[in-house]
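1. no FASTA, just this:
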């Protein structure tokens, strides 16, 4: 048995090459895994740095907001003034009521507390967007309580002993003013905060609210019907715009929101007026057509003969000699005699047959009545409208023009326009023409 050493060497080399390829592939995979891990770690570090930067920025913004910003100064300063006005007005009320009777000590506390509780109620109503009547009722309570407290303080100030009349008056006015100053400043602060919060809304939201107010003010009956439809439907199943479209169709009968039967009628009238203004005058057109037709129907014998002696008439019409041309009179000569001229011998006109290359056509007269076609009896407007309805039953609205209707029922242009306006009004206005 012989051994092929060369084949074994080739097999060994092939095995070694395959092993080297597998080792290289494994090394490449390990390198790729290390690279992927490094990339993921770098991405995590970058994300962490971005998050830390955003957090530091938010902390700085929060510190700025808690600092001496105009908003914080206004809010804190207003509250400080309100507390100062309460501390200035409350002792005078306590002394006034205790001077009357010690049993009245809770009265100034309850009076001042009622004013501030109602003022806080106004702020709560603004935050919850309650009805305007609720907020104004609370403001009325604030004004009543603050006004009564101011009157008490004014009476206490003007009755102080040991002061001059001017000083007593000044003290009374000052106590009354400081009593009213606290609720007034708190109400102004609440208005400013409410307006600032409303300014934070987007322009689209403000435009939507303005449009809703205008629509409800202009179309109150449609708004009531739409509200009833939305309240009758399950919550969230009927959109607002769909409810308005249905309510508009119920109230006006028109499918397009904004259009009413009166507006449709005005649109038809305006379209008819525009077409009448753009069309030529029917009287002039009728006269020209009538003149052309009468001239075309007249026979050759009815036409006027030519007065030109040099142009003989073709046919059987005779040629008449022209009259003598008058002679001009010289300048500054004696005028002719005014005597009637003597009768001259009448000259018989000479008739000469005209030559023509074509054969002479027989002269025709008027067409006899028996040979004329029978005239169609005149139709009433009701009959014309009935025929127009039958002829245009399957026509779309854009094909309802005066010219089409006139050709369909064989009538004049003026009646065609009248029929067109009537048919358009019947189609656009419900219940008309039924």
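-> Received, thanks. Not measured: the values here are computed from a predicted model.

2. where exactly do the strands run in the stretch 51-200 of the chain?
-> In the stretch 51-200 of the chain, no segments count as strands under DSSP state E, counting those that start in this stretch.

3. quick one: the helices in it?
-> Taking DSSP state H, counting those that start in this stretch, the helices of the stretch 51-200 of the chain run over residues 70-100, 106-127, 132-158, 165-199.

4. So which elements touch the longest one?
-> In this structure, helix 165-199 makes packing contacts with helix 70-100, helix 106-127, helix 132-158, judged by 3 or more C-beta pairs under 8 Å, 6 or more residues apart in numbering; DSSP states H and E. (Each C-beta comes from the backbone N, C-alpha and C, glycine too.)

5. Tabulate these (JSON lines), appending distance to residue 212.
-> Converted to JSON lines, the helices and strands packed on helix 165-199 look like this (distance: least, C-beta to C-beta, whole Å):
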{"stretch": "helix 70-100", "distance to residue 212": "30"}
{"stretch": "helix 106-127", "distance to residue 212": "20"}
{"stretch": "helix 132-158", "distance to residue 212": "16"}
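
6. Out of the helices of the stretch 51-200 of the chain, the one nearest residue 64 is which?
-> Proximity to residue 64 (C-beta to C-beta) singles out helix 70-100 among the helices of the stretch 51-200 of the chain, at 9.7 Å.

7. Would you check that residue 107 makes contact with residue 97?
-> Yes - if you go by C-beta atoms under 8 Å, residue 107 and residue 97 touch, sitting 5.0 Å apart.

8. rewinding a little: with mean pLDDT, mean neighbour count and distance to residue 389 added, can I get the helices and strands packed on helix 165-199 in a markdown table?
-> What follows is those, written out as a markdown table (pLDDT from 0 to 100; neighbours: other C-beta atoms under 10 Å; distance: least, C-beta to C-beta, whole Å):
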| stretch | mean pLDDT | mean neighbour count | distance to residue 389 |
| --- | --- | --- | --- |
| helix 70-100 | 82 | 15 | 74 |
| helix 106-127 | 85 | 17 | 64 |
| helix 132-158 | 88 | 17 | 57 |
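
9. of all these, which lies closest to residue 164?
-> Closest approach to residue 164 among the helices and strands packed on helix 165-199 (C-beta to C-beta): helix 132-158, 11.6 Å.

10. In contact with residue 172: list those residues for me.
-> Residue 172 is in contact with 153, 154, 155, 156, 157, 158, counting by C-beta atoms under 8 Å, 6 or more residues apart in numbering.

11. helices and strands around the helix or strand harbouring residue 384, which ones?
-> Using DSSP states H and E, residue 384 sits in helix 381-391. Helices and strands touching helix 381-391, by 3+ C-beta pairs under 8 Å, 6+ apart, are helix 402-409, helix 413-428.

12. From residue 377, how far off is the nearest residue to residue 95 once chain neighbours are set aside?
-> By the measure of C-beta to C-beta, 6 or more residues apart in numbering, the closest residue to residue 95 outside its immediate chain neighbours is residue 156, 6.7 Å from it. Counting by C-beta to C-beta, to the nearest Å, the gap from residue 156 to residue 377 is 107 Å.

13. next one: residue 208
-> For residue 208, the distance to residue 377 - C-beta to C-beta - is 65 Å.

14. quick one, domains of this structure?
-> As recorded under automatic domain parsing, the domains making up the chain are 11-66, 72-197, 205-258, 260-286+401-434.

15. Do me a favour and get the end-to-end distance for the shortest one?
-> Which is domain 205-258. For domain 205-258, the first-to-last residue distance is 23 Å (C-alpha to C-alpha, to the nearest Å).

16. Thanks again, I'm all set now.
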